[in-house]
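1. Sequence first, then the predicted structure, then my questions.
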Amino acid sequence: MTLSFISSSADMTLALGKAIGETVEPSTVIALDGDLGAGKTLLSRGIAGGLGVTTPVSSPTFTIVNEYEGGRIKMYHFDTYRLSDSYEFEAAGLDEYFGYGGLCVIEWSNIIDDILPEDSLRINIEGVSSSRTFEATGPDGKIGMLKNAAVKAGCEFI
Ligand SMILES: Nc1ncnc2c1ncn2[C@@H]1O[C@H](COP(=O)(O)OP(=O)(O)OP(=O)(O)O)[C@@H](O)[C@H]1O
Ligand SMILES: [Mg+2]
């Protein structure tokens, strides 16, 4: 299934993330793509907030993955920007996180596209100024969850 909608502000993207974090199920992989400054980290921050994580979320640039506890589900926040391919990801044992039962949120996921779980929720973000177009693909249940979150955040469907 696919879904497209627009977030018209940074606050709306945060609210979208929050609504996702409140309803996402354990063992979900959310694969985020989009250029520098698209809003991947902002969305991730919202998701962590919705899960109930109180630690501030920033890009895990030096570690590839940051782990957040204290929320409804454990969150593993990846930024694979500095990896060259999925081989490097696997060589570091990072694919094991997919089986930990938590929520994996992956920025720059296209770099490891070939080893992402088949049932990942893939979200591409594009835009200029304060408008961002979200295009998502994934299993019906996960797209349904995202759709409800987008409604709650006030996003406009296209
Ligand atoms: N509708 C919007 N949704 C998300 N971010 C927005 C929006 N409008 C403006 N912004 C701004 O865009 C920037 C998004 O930055 P963010 O760090 O989340 O991007 P990113 O995709 O993680 O970039 P990087 O690839 O460098 O990690 C923020 O400064 C945010 O305020
Ligand atoms: Mg980022």
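-> All right, it came through fine. Residues are numbered from 1 along each chain as shown. Ligands and ions are numbered 1, 2, ... in the order given.

2. Can you give me every residue that contacts the closest residue to residue 106 other than its chain neighbours?
-> Among residues not flanking residue 106 along the chain, residue 78 sits closest, at 4.3 Å (CB to CB, 6 or more residues apart in numbering). In short, each C-beta sits where N, CA and C put it, glycine included. Residue 78 makes contact with 60, 64, 65, 94, 97, 104, 105, 106, 107, 109, according to CB atoms under 8 Å, 6 or more residues apart in numbering.

3. Now for the fifth one: which residues touch it?
-> It refers to residue 97. 65, 76, 78, 104.

4. tell me what the helix or strand residue 42 falls within is packed against?
-> Using DSSP states H and E, residue 42 sits in helix 40-51. The contact analysis (3 or more CB pairs under 8 Å, 6 or more residues apart in numbering; DSSP states H and E) places helix 40-51 against helix 10-23, strand 28-33, strand 75-79, strand 103-107, strand 121-128.

5. Quick one: distance of the helix or strand just after the third one to the chain centre.
-> Just to be clear, that refers to strand 75-79. Downstream of strand 75-79, the first helix or strand assigned by DSSP H and E is helix 86-91. From the chain centre to the centre of helix 86-91 is a distance of 20 Å (CA atoms, centre = their mean, to the nearest Å).

6. in helix 86-91, what's buried?
-> Of all the residues in helix 86-91, those buried under the rule 16 or more other CB atoms under 10 Å are 86, 89.

7. Show me the beta-bridge partners of residue 137.
-> Residues in a beta bridge with residue 137, per DSSP bridges, are residue 2, residue 122.

8. ok, now residue 67?
-> Following DSSP bridges, residue 67 is listed with bridge partners residue 76.

9. ok so, going back, pick the one among the contacts of residue 97 closest to ligand 2.
-> The nearest member of the contacts of residue 97 to ligand 2, counting by CB to the ion, is residue 78 at 10.4 Å.

10. and the gap between the closest one and residue 69?
-> Look at residue 78 and residue 69: by CB to CB, to the nearest Å, they are 16 Å apart.
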